[in-house]
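*Asks:* Build me a model from this:
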Amino acid sequence: MSVGNNGTYVPFKSAPDSMRRFVRPALFATGDDVWELRPFGTAFLATFHGWNFALVTAHQTDVTKGAPAADQFRVVVNSGNRNLAVPPSSLHRPVIDNEERQSLKDLTFLDYGGSSAKTEHLDLSSMFWSDAADITADYSFLIGYPSSSAIIELDGDDHSKLSNFTMRWIRQDLEEDEPRPLDVEHRAIFVKHGRSTRESVEPDGLSGSPVFSIIKDKGNDRYLRFDGIVTHANGDRFAVYPSVYIRDMLEHIVQQAEGNGA
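*Replies:* Below you'll find the model as predicted:
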């Protein structure tokens, strides 16, 4: 069995881990010479009808709650023998007037497509979304960078300098669950799969983590579905911002850009 991924087909078993190349620690500039970047959750790198962006939750950039500012976000790309920290050229946040839908504001789209950044993005243009009908989910999972995965080693001769800083990614097996009264509104709920043998982790840092499912249609052909991104978590219970709303906002952003001649 194989699954389509960015225009190519990969074996069913390797498809989930292949998605990690589109997921990064969400890094933000600090202005410090020694600690130049700091992680704050997870970021998902994608493209939609030619528009390259990074997607994080809005609370990852809420300065009123101690988070870094959105314009401090950086995508680290390799250029020759150097790593470059590329800032966003613009950012977009949903504007929602309906009081009953305020929880849908928890998104930030960071646009850096106008820069020389060269990195891998998942093309969402032909992706299945959370409103896909007449399909069955075989397997669901998230990819992210929990805070507990960071490995920080100081220079033995100078403790103000780093000798190594590594963020380790994780994959967690998920299955859908029914919403409960205390769950965040307008979210799909996923929980750790009952048969998963993967270790549970403290979910701090998993905000912004994308959730995917391998699905099959009536003809038993398999595809990837982008379910959304994690906004809240409690232990092994994850509230996921449904991708159908993300798609609606992406279409609006692209239409605006085309209308402005971008």
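*Asks:* C-alpha only now, for contacts and for neighbours.
*Replies:* OK.
*Asks:* all strands of the stretch 151-262 of the chain, in order?
*Replies:* Listed in chain order, the strands of the stretch 151-262 of the chain (DSSP state E, counting those that start in this stretch) span 162-167, 170-177, 188-192, 210-216, 222-234, 237-242.
*Asks:* Which of these sits closest to T47?
*Replies:* strand 222-234 (12.8 Å; Cα to Cα).
*Asks:* Now do the contacts for A67.
*Replies:* 40, 59-61 (Cα atoms under 8 Å, 6 or more residues apart in numbering).
*Asks:* before we move on, what about F53?
*Replies:* 45-47, 109-113.
*Asks:* pretty sure it is in a strand, no?
*Replies:* Yes: counting by DSSP: H, G, I helix; E, B strand; the rest coil, F53 falls inside a strand.
*Asks:* What distance do you get for it to E120?
*Replies:* 11 Å (Cα to Cα, to the nearest Å).
*Asks:* try V63
*Replies:* 29 Å.
*Asks:* what's the answer for N52, then?
*Replies:* 10 Å.
*Asks:* what's the closest of the strands of the stretch 151-262 of the chain to Q72?
*Replies:* Here strand 162-167 is closest among the strands of the stretch 151-262 of the chain (Cα to Cα), at 18.9 Å.
*Asks:* so for that closest one, what's the average pLDDT?
*Replies:* Mean pLDDT, strand 162-167: 66.
*Asks:* next one: stretch 172-185
*Replies:* Stretch 172-185 comes out at a mean pLDDT of 95.
*Asks:* Tell me which residues touch the most centrally placed residue in the chain, please.
*Replies:* With distances taken as Cα atoms, centre = their mean, F44 lies nearest the centre of the chain, 3.0 Å away. Residues near F44 by Cα under 8 Å, 6+ apart: 22-24, 54-56, 208-210.
*Asks:* Tell me the pLDDT of it.
*Replies:* pLDDT, read off for F44, is 97.
*Asks:* Tell me which helix or strand it sits in.
*Replies:* Following DSSP states H and E, one finds F44 within strand 37-48.
*Asks:* and the angle for that strand with strand 210-216?
*Replies:* Calculated by axes from the mean of the first three to the mean of the last three Cα atoms, to 10 degrees, strand 37-48 forms an angle of 40 degrees with strand 210-216.
*Asks:* Show me what strand 37-48 pairs with in its sheet, parallel or antiparallel.
*Replies:* Strand pairing for strand 37-48, using DSSP bridges, gives strand 23-29 (antiparallel), strand 51-56 (antiparallel), strand 122-123 (parallel).
*Asks:* just checking, what packs against whichever helix or strand comes after the shortest one?
*Replies:* Past strand 122-123, further along toward the C-terminus, the next helix or strand under DSSP H and E is strand 136-144. In terms of contact count using 3 or more Cα pairs under 8 Å, 6 or more residues apart in numbering; DSSP states H and E, strand 136-144 is assigned the packing partners strand 23-29, strand 170-177, strand 210-216.
*Asks:* related to what we said a few turns ago, and V3, which of the strands paired with strand 37-48 is closest to it?
*Replies:* strand 122-123 (14.1 Å).
*Asks:* mean confidence score for that closest one?
*Replies:* 92.
*Asks:* ditto for stretch 104-114
*Replies:* 86.
*Asks:* hmm, back to that, and the strands of the stretch 151-262 of the chain as JSON lines, adding mean neighbour count?
*Replies:* As requested, the strands of the stretch 151-262 of the chain are arranged in JSON lines below (neighbours: other Cα atoms under 10 Å):
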{"stretch": "strand 162-167", "mean neighbour count": "12"}
{"stretch": "strand 170-177", "mean neighbour count": "19"}
{"stretch": "strand 188-192", "mean neighbour count": "23"}
{"stretch": "strand 210-216", "mean neighbour count": "23"}
{"stretch": "strand 222-234", "mean neighbour count": "23"}
{"stretch": "strand 237-242", "mean neighbour count": "24"}
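*Asks:* Nothing else from me, thank you.
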